[in-house]
Every structure is written in C-alpha cells, then in structure tokens.
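**Q** how would this look folded up:
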Amino acid sequence: MTSALLALADDLAADRFLSADDALRMRKAIFPDGVVTRQEADVLMALDGRVGARDPAWVEAFVEALVDHALQCGAYPGHVDEETAGWLEAQFANDAPRLDELQALVKIMERAESTPASFQRFTRSRLAVFVAGRAMNESDVDLLRRCVYAGTTVTEEEMEWMFAVDASTDGRAHCAAWRDLFVKVGLAHVAGRRAPVVLERDAMVQREARFANRPNVTPMSVIKSIFGGGLSGYKDRVSEPGWAEGVEERYEVANAETEADARFTAAEAAKMLGLADRDGRHTANEQALLAALRQLEAEQSAHEDWH
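**A** From the prediction side, this is the model:
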C-alpha cells in the first residue's frame, strides 16, 4: 500500500495544485476499507504541505480523512488521546497555519467526545496566528465561533483567548460578525460558567475507562440495578417513606444553584473589566461587551426590585 500511495502522492503534487479529480483519486486510495491508518494520514499530510493551492473538494477530503483518523486511532474511539494530539501538533507546528489545517483541527474539536487541553490550546493558538494583524471576514469568524463553542461552556481560558485575538486585530476593518461574536461569547461565559461535572470532557474519558476495566459493569447493568425486582420493586422503593421528599429536596438545591449561577455578580464584572483593562485601553469590541454587561446588570437589578 505505502509504495503505491507514495507514488500517487508524487503524481498529485507534480503541478503543485490539488484538484477535485485529485481528491477523488486520493479518496479511492484511502477510504475503501473504511479506515484511515497512520501511514495513510502521514502521506496525506505530507502531500498537502507540498502544494501551493487546493480545490475546495480537496480540502473537504483532507479534513474528512484527518477527522476519521483522529477519532478512531486511539484506545477509546471518539476520544482524541494525548498521543494522537501530539502527532497532529507535530505535523502542523512548523509551518504557517493553512485554512485546511484549521478546518481539520476545529472539526476534530467539534466531533470528538473529548480532546486534551493541550490540543485545544494548540488549535486556538493556530487560529490566533492565522487572523492576527488583518481584517477578519465571515469565514474567519465562523472558524473562531466553531472553535470557542466546541465545548460545553465558554471557559475562562477561552475568554482570555478571545480578548487576546481582539487585541491583536484591533483597528482592522473586520466584518460585523466579529463584534457580534465577541460580545455573545462574553455573555455566554457569564451565563455558563459552571458546567455540570458529568459533561466535563475529562470525566467522560474516565467514566468510559472505568466501564472498560470492569466488563461486568455496563450502563445497562446500572439501569437494571435501579429497576431491580422489576416494576414492583421500583414502585416499592418509590413508595418508601421520605423518598419523594428527598427527590424534591435535591431538586430545590439544584434549582437554587441554577438561579445563583444565572445572577451576574460584581466579581464577574470586575473580572471582565480586568481583562479589558489588561493593556491599559479598551478596544471597540471590549467597549461593546462592557456595555452589554452593564445592560445585563441593570435588567437583573430591575427584575429583582420588581420581585
């Protein structure tokens, strides 16, 4: 396989342009068995780096192949492990960011059940370099949006990254979508700052590992234990004294925590102001975000006064 694939790669790279026909030929060479191996991915990456231009059909095929490989080659399918993340980073780290590379990295973050924190930082850093010092168009903003929303919440680290990107591109004639995204990401960070532990990516990996190491314990066996004794057994447990009160109490606690989470606090305002004041001035986007936060605070105060 390798010699034939290498010969094909040399042929496709000859004119330094990867066309739609080239994409079709490479698909036929790589995808028939449904598995993209590390050798095939290495050849694909090397070929992509040898050319000067790419047809959109090639970009689509390239992204699809890398995503399939990244999500299937680790110990837990669907999760990107440290080894795979390190391989991807090593493949891209020494060259200027390319659009097809960024699309692949972001798509992996979107599709994966989990990715290492180092991989997420690498992807954000490559995107920051890609857009630094120039006006962003809607395609650029879409990549940033997909990256920052790939997880369950907008984290503090992601918010700091957004501020850094904004500072590095301030004063450029960006499309209107960039300011809209910046403000919405800031508000999303405030609104979703406490992600449930069960949704954290590291927790998902650990949970799958526990099931893998305990073959007799499966999600179905856990469900069966809840309904042990059949429906009548379940009804008996439900009818036990204090059972309903306990459920209600847990609900009230969770509901109170949710309401507390939704409240915009002075500490959060100070945090946002600190990020905006880091370089001693406010960009236009920072001013827009701070205005939106002040409006949120005013609306919240009015709501609390009404009640």
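**Q** the helices in the stretch 101-250 of the chain, which residues?
**A** Using DSSP state H, counting those that start in this stretch, the helices of the stretch 101-250 of the chain run over 117-131, 138-148, 156-168, 176-191, 201-213, 219-226, 230-238, 243-262.
**Q** which helices and strands sit right next to whichever helix in the chain runs longest?
**A** The helix that spans the most residues within the chain, counting by DSSP state H, is helix 284-306. Other elements packing on helix 284-306 under the criterion 3 or more CB pairs under 8 Å, 6 or more residues apart in numbering; DSSP states H and E are helix 156-168, helix 176-191, helix 266-276. From N, CA and C alone the C-beta is placed, and that goes for glycine too.
**Q** pull the helix or strand with minimum mean pLDDT from the protein.
**A** Every helix and strand in the chain was compared by mean pLDDT, DSSP states H and E; the lowest is helix 219-226, with a mean of 51.
**Q** so where's the protein uncertain?
**A** Across the chain, the ranges flagged by pLDDT under 70 are 1, 192-280, 300-301, 303-307.
**Q** rerun at 80
**A** Judged by pLDDT under 80, the chain has its weakly predicted residues at 1-2, 191-282, 296-307.
**Q** give me the contacts around stretch 40-60.
**A** 1-2, 5-6, 9, 12-13, 16-20, 22-24, 26, 30, 36, 62, 65-66, 69, 91, 95, 98-101, 103 (CB atoms under 8 Å, 6 or more residues apart in numbering).
**Q** okay, buried residues for it please.
**A** 40-41, 43-45, 47-48, 51, 54, 57-60 (16 or more other CB atoms under 10 Å).
**Q** quick one: end-to-end distance for that stretch.
**A** 16 Å (CA to CA, to the nearest Å).
**Q** what of stretch 129-148?
**A** 16 Å.
**Q** ranges for the strands of the stretch 1-150 of the chain?
**A** In the stretch 1-150 of the chain, the segments counted as strands under DSSP state E, counting those that start in this stretch are 17-18, 53-54.
**Q** got those strands as CSV, with distance to Phe182 columns?
**A** Formatted as CSV, the strands of the stretch 1-150 of the chain follow (distance: least, CB to CB, whole Å):
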stretch, distance to Phe182
strand 17-18, 34
strand 53-54, 30
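**Q** export the longest helix of the chain to CSV, keeping only CA atoms.
**A** Presented in CSV, the C-alpha positions along helix 284-306 are these (Å, rounded to 0.1, in the frame of the first residue of the first chain):
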residue,chain,number,x,y,z
ALA,A,284,-14.1,48.9,20.4
ASN,A,285,-15.2,45.3,21.0
GLU,A,286,-14.4,45.5,24.7
GLN,A,287,-16.4,48.7,25.0
ALA,A,288,-19.4,46.9,23.3
LEU,A,289,-19.1,43.9,25.6
LEU,A,290,-18.9,46.1,28.7
ALA,A,291,-21.9,48.0,27.6
ALA,A,292,-23.8,44.7,27.1
LEU,A,293,-22.7,43.6,30.6
ARG,A,294,-23.9,46.8,32.2
GLN,A,295,-27.3,46.4,30.4
LEU,A,296,-27.5,42.8,31.8
GLU,A,297,-26.8,44.1,35.3
ALA,A,298,-29.4,46.8,35.0
GLU,A,299,-32.0,44.4,33.7
GLN,A,300,-31.2,41.9,36.5
SER,A,301,-31.5,44.7,39.2
ALA,A,302,-34.8,45.8,37.8
HIS,A,303,-36.1,42.2,37.8
GLU,A,304,-35.0,41.7,41.5
ASP,A,305,-36.6,45.1,42.5
TRP,A,306,-39.9,44.1,40.8
